[in-house]
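J.: Here's a sequence, model it:
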Amino acid sequence: MKKVMLENNISKNDENKLTVEDVRKHLPILDKYIYVDNGSTTLVPVPIMEAMNEYFLNYCTNVGRGGYDLAVEATKNFDLARKNSAELLLRCKFEELIFTRNLTHASNIVAYALEHSPLERIDGVFELGEPLVKWEKGNKIITTVMEHHANFMPWMRLAKNNGIDLNILEPTKDGILLPDTFFDAVDENTKFVAFQHVSNSMGTIHPVKEIIKAIKEKNPSTLVYIDGSQGPGHLPVDVYDLGCDFYGFSGHKGPLGPPGTGGLFAKKDLLLKMAPMELGGGIVSDVTINDWEIQSEVPSKRFDAGTPNIVGFIGLGRAAKYVSQEIGLNEIKKREHILTKQLLDGIRDIKNIHIYVPEDSVYIGGTVTFNLEGWKCSDLSMKLAKDWNILTRAGHHCTIPLMRFLNILENYGGHIRVTFHYYNTEEEVDTIIKAIKTLSKTKS
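T.: Residues are numbered from 1 along each chain as shown. Reported below is the predicted structural model:
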């Protein structure tokens, strides 16, 4: 196979890991731009593209259906991609990882399963199975004002459709969700809690394990869903250690995978009770004119109806190896922390700047959000791109309730977001600092 980009000049550090310079060679776009819009989508390194190209060029067939050699190879590599994505990004078993289009898809799969009982042949009888939750008047769903719309709107609809109370919790003034807040809110009627691992709007790394422990201590039967969009690929994640029941993520953010990919971890006993949102070929072991039976050998494949995004998930599996084994998740987390600290230290003293990150560095991830007085955030972002080739994100970041909580939606239209990944450099941060200081002396 012809390589898109030669890797002969790639050097390794002492631990045989990819250096920052190595990774940048896999991302030619960085020769032209300072790309710090990683909270929206990350760049895709050449080795991930090469793995996807190999599928198209050498074994481009469907999966789980054919018996000839190429079809067997495609199925083997597709299954390996699920295994790598599960074990390397979430530390879970592959049979507990549902492939999704993104985090939004993951949330909606869970929401559908919470509202519908599974219908299938059970012991020879076609009937509704046991639901995940038997909703009753007085039951409660809890989420927070910080959530991305994808981790907010599905639960709002679920509550409205079933006459359930929806409780919205608030963070500390600097954007930290605390265990005590959840402990006080959860009671015997709380059936479901959904919250984020890392904030896409404030960069907060929340104490997720401690929060889940507080929830389960108060009500062990409460189901907990974590939005991990800004987690895997940016830092190590172990869903068993966290103690969550569900964990969703997008492949095109931290993992450096292609758009249109993601995953949903669900505990096996819950997976077998979840009604698939989509029905069709690839998930059944039998269908008659009166009923059907969904396969149960690999529970996560119960959600693979129809031809999946084969090439995308092969890319995600390759990306999982890239960030976990070839760079190292702890190295990525450490580097993002260094770059974030450098940026914060460089802009904190600007008189007319407003920064929206936690005060305690323990909770700070790889994101810095801010506004400059006299600037709409969108105008400032465009100025950074036009004059400095600095690509940021501006607006409400699909967290409109949080923008209102911060009281910045009307005056600024949201805020500017700088999100780092391993491939960003100290020199780029210096340029960002210089640009912000320069623009702080002018107005839009």
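J.: can you give me the strands in the stretch 251-400 of the chain?
T.: Counting by DSSP state E, counting those that start in this stretch, the stretch 251-400 of the chain has these strands, from start to end: 262-266, 284-287, 292-294, 353-355, 367-372, 390-391, 393-395.
J.: List of residues touching the last one?
T.: I take that to be strand 393-395. Identification of contacts with strand 393-395 by C-beta atoms under 8 Å, 6 or more residues apart in numbering yields 37, 39-40, 377-378, 380-382, 413-417, 419. For every residue, glycine as well, the C-beta is placed using N, CA and C.
J.: if we can go back for a sec, out of the strands of the stretch 251-400 of the chain, deepest packed?
T.: Of these, the one with the most neighbours on average (mean count of other C-beta atoms under 10 Å) is strand 262-266, at a mean of 30.
J.: Now do it, average pLDDT.
T.: In this model, strand 262-266 has an average pLDDT of 98.
J.: Mind exporting the C-alpha coordinates of it to PDB?
T.: Provided in PDB are the C-alpha atoms of strand 262-266 (Å, rounded to 0.1, in the frame of the first residue of the first chain):
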ATOM      1  CA  GLY A 262     -17.700   7.200  19.200                       C
ATOM      2  CA  GLY A 263     -18.700   4.700  21.800                       C
ATOM      3  CA  LEU A 264     -21.000   3.800  24.700                       C
ATOM      4  CA  PHE A 265     -20.000   1.600  27.600                       C
ATOM      5  CA  ALA A 266     -22.900  -0.100  29.400                       C
END
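J.: Residue 363 and residue 204 touch, don't they?
T.: Yes: look at residue 363 against residue 204 with C-beta atoms under 8 Å: they come within range, at 5.2 Å.
J.: neighbour count winner among those two?
T.: Applying other C-beta atoms under 10 Å to residue 363 and residue 204 shows that residue 204 carries more neighbours, namely 27 against 21.
J.: what sits against that one?
T.: Residues near residue 204 by C-beta under 8 Å, 6+ apart: 146, 171, 175, 176, 177, 198, 357, 358, 363, 364, 365.
J.: Dump these to CSV, plus distance to residue 300 and pLDDT.
T.: Output for the contacts of residue 204, formatted as CSV (distance: C-beta to C-beta, whole Å; pLDDT from 0 to 100):
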residue, distance to residue 300, pLDDT
146, 29, 98
171, 33, 98
175, 33, 97
176, 33, 98
177, 29, 98
198, 24, 98
357, 36, 96
358, 35, 96
363, 32, 96
364, 34, 96
365, 28, 95
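J.: Same list, the residues you listed, but as JSON lines with distance to residue 55 please.
T.: Listed next are the contacts of residue 204 as JSON lines, based on distance: C-beta to C-beta, whole Å:
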{"residue": "146", "distance to residue 55": "38"}
{"residue": "171", "distance to residue 55": "43"}
{"residue": "175", "distance to residue 55": "41"}
{"residue": "176", "distance to residue 55": "42"}
{"residue": "177", "distance to residue 55": "40"}
{"residue": "198", "distance to residue 55": "31"}
{"residue": "357", "distance to residue 55": "40"}
{"residue": "358", "distance to residue 55": "42"}
{"residue": "363", "distance to residue 55": "40"}
{"residue": "364", "distance to residue 55": "39"}
{"residue": "365", "distance to residue 55": "33"}
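J.: Can you pull the phi/psi pair for the residue nearest to residue 389 when sequence neighbours are not counted?
T.: Nearest in space to residue 389, with sequence neighbours left out and distances taken as C-beta to C-beta, 6 or more residues apart in numbering, is residue 33 at 5.0 Å. Dihedral pair for residue 33: phi -130, psi 160, per degrees, to the nearest 10.
J.: which residues touch residue 33?
T.: 389, 390, 391.
J.: thinking again about what came up before, out of the strands of the stretch 251-400 of the chain, the one nearest residue 28 is which?
T.: Counting by C-beta to C-beta, residue 28 lies closest to strand 390-391 out of those; the figure is 14.8 Å.
J.: Direction included, what does the closest one pair against?
T.: Using DSSP bridges, the strands paired with strand 390-391 in its sheet are strand 34-35 (parallel).
J.: Report the buried residues of the next helix or strand after the partner strand.
T.: Next helix or strand after strand 34-35 toward the C-terminus (DSSP states H and E): helix 46-58. Residues of helix 46-58 classed as buried by neighbour count (16 or more other C-beta atoms under 10 Å): 46, 47, 48, 49, 50, 51, 52, 53, 54, 55.
J.: Let me have the residues you listed in TSV, adding distance to residue 280 as columns.
T.: Compiled in TSV, these are given as follows (distance: C-beta to C-beta, whole Å):
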residue	distance to residue 280
46	35
47	33
48	28
49	30
50	31
51	27
52	24
53	28
54	28
55	22
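J.: so which of those comes closest to residue 327?
T.: Using C-beta to C-beta, residue 47 comes nearest to residue 327 of the buried residues of helix 46-58, at 11.3 Å.
J.: And the pLDDT for that closest one?
T.: 98.
J.: Could you check how far it is from residue 363?
T.: As judged by C-beta to C-beta, to the nearest Å, residue 47 and residue 363 stand 33 Å apart.
J.: Looking at the contacts of strand 393-395, which is nearest residue 442?
T.: residue 380 (10.2 Å).
J.: contacting residues for the closest one?
T.: Residue 380 makes contact with 371, 372, 394, 416, 439, 444, according to C-beta under 8 Å, 6+ apart.
J.: would CSV of those with distance to residue 113 and pLDDT be doable?
T.: Below are the contacts of residue 380 laid out as CSV (distance: C-beta to C-beta, whole Å; pLDDT from 0 to 100):
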residue, distance to residue 113, pLDDT
371, 39, 98
372, 44, 97
394, 35, 97
416, 37, 98
439, 47, 96
444, 47, 64
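J.: Name the nearest of the residues you listed relative to residue 272.
T.: residue 394 (43.8 Å).
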